Every structure is written in C-alpha cells, then in structure tokens.
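**Q** below is the sequence, then the predicted model.
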Amino acid sequence: MPTILLVEDNEMNRDMLSRRLERKGYRVVLAADGLRGVEMAASHAPDLVLMDMSLPVLDGWEATRRLKAAPATRHLPVIALTAHAMSGDRERALQAGCDDYDTKPIELPRLLGKIEALLGATDGAAARPAEGSS
C-alpha cells in the first residue's frame with residue numbers, strides 16, 4: 001500500500017482529503033506545517049508528497065526545495081496543492097522542485113490521476129514492465 005505524506009495546515013482539508021485517499025487504498029501520514037512535513041518525509045519515507053504551498057512555519061515552496069536538496073528525500077515525487085491559481089504559479093512550483101501541480105478545491109479524480117502517474121513513474125518502472133497507464 002503506497003504511503004502519501006499530506007502536508008496541509010487546514011484541518012478540514014487535511015481530514016477530508018486523507019479520508020478520501022485512504023478509501024482509495026493509500027496509507028496517509030499528516031503534517032500541519034512545512035517544517036514538520038520535511039521532518040516527516042525523512043522519518044516516514046512516503047512514496048509521494050502532497051504539499052500545500054501556503055503553510056505556516058515553512059511554506060511549501062521552501063519545504064519542497066529542502067526535500068529536493070536532501071539526499072534521503074530528493075527522489076520523492078511532490079505534487080504542489082494551492083488555492084492560488086495565479087499565472088506563473090505552476091512554473092514557480094516546478095522551479096521549486098515539485099513534480100506536478102494541482103489546484104484547490106481538489107477534484108479527486110484529477111488528483112488521483114496525477115498521483116498514479118507519479119507513483120507509476122517512480123516505483124513502477126522497476127517493479128513491473130512498462131505498460132500503458134492504468
């Protein structure tokens with residue numbers, strides 16, 4: 001069962017999204033700020049990180065930069081989550097090291113597609129023969 005680290009400061013968003021992901025078969029670990037997210041990524045070795053970009057203590061931009069700079073976590077795929085869908089935000093997230101970008105409110109089918117694509121790209125290539133997306 002793949003593990004997703006959800007870094008989200010809004011308790012309602014954290015609860016709703018974690019329950020929906022768990023129903024889809026994911027194990028979810030939670031962090032409420034960017035610094036805790038960086039620490040938990042190192043200690044819990046998740047398969048993927050969902051990173052809110054507007055976080056207390058350490059924002060998602062800097063938290064992602066730190067994840068991608070550390071040898072133990074640089075391989076982790078990170079999907080930026082933001083309610084600020086401004087022009088240039090996607091590019092800024094990718095420059096910070098995010099592997100993909102999604103906007104809030106979350107549309108679960110769209111987000112699941114991005115999660116599956118990144119999980120397939122990271123562990124699927126070595127674990128099973130390459131096939132079309134599922």
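**A** Arrived safely, thanks for sending.
**Q** what lies in contact with the host helix or strand of Trp61?
**A** Trp61 is part of helix 60-69 when elements are defined by DSSP states H and E. Under the criterion Cβ atoms under 8 Å, 6 or more residues apart in numbering, residues 7, 34-35, 37-38, 41, 49, 51-55, 58, 73-74, 76, 78, 80-82, 92-93, 96-98 lie in contact with helix 60-69. C-beta here means a position set from N, CA and C on the backbone, and glycine is covered the same way.
**Q** let's go with 6 Å and repeat that
**A** For helix 60-69, the surrounding residues in contact (Cβ atoms under 6 Å, 6 or more residues apart in numbering) are 34, 37-38, 41, 51-53, 73-74, 78, 96-98.
**Q** distance from it to the middle of the chain?
**A** Remark: helix 60-69 is offset 12 Å from the chain centroid, using Cα atoms, centre = their mean, to the nearest Å.
**Q** one more: stretch 97-113?
**A** Relative to the centre of its chain, stretch 97-113 is centred 9 Å away, using Cα atoms, centre = their mean.
**Q** got the end-to-end distance for it?
**A** Stretch 97-113 has an end-to-end distance of 20 Å (Cα to Cα, to the nearest Å).
**Q** over to stretch 67-77?
**A** End-to-end distance of stretch 67-77 (Cα to Cα): 10 Å.
**Q** can you give me the buried ones in it?
**A** 67-68, 73, 76-77 (16 or more other Cβ atoms under 10 Å).
**Q** where does the protein have low pLDDT?
**A** For the chain, the stretches with pLDDT under 70 are 122-134.
**Q** and the helices in it?
**A** All helices of the chain, identified by DSSP state H, fall at 11-23, 34-44, 60-69, 89-96, 108-119, 125-127.
**Q** pick the most deeply packed of those.
**A** helix 60-69 (a mean of 21; mean count of other Cβ atoms under 10 Å).
**Q** ok so, going back, and the contacts of helix 60-69, which two are the farthest apart?
**A** Maximum pairwise distance in the contacts of helix 60-69, criterion Cβ to Cβ, is 20.1 Å, between Asp52 and Arg74.
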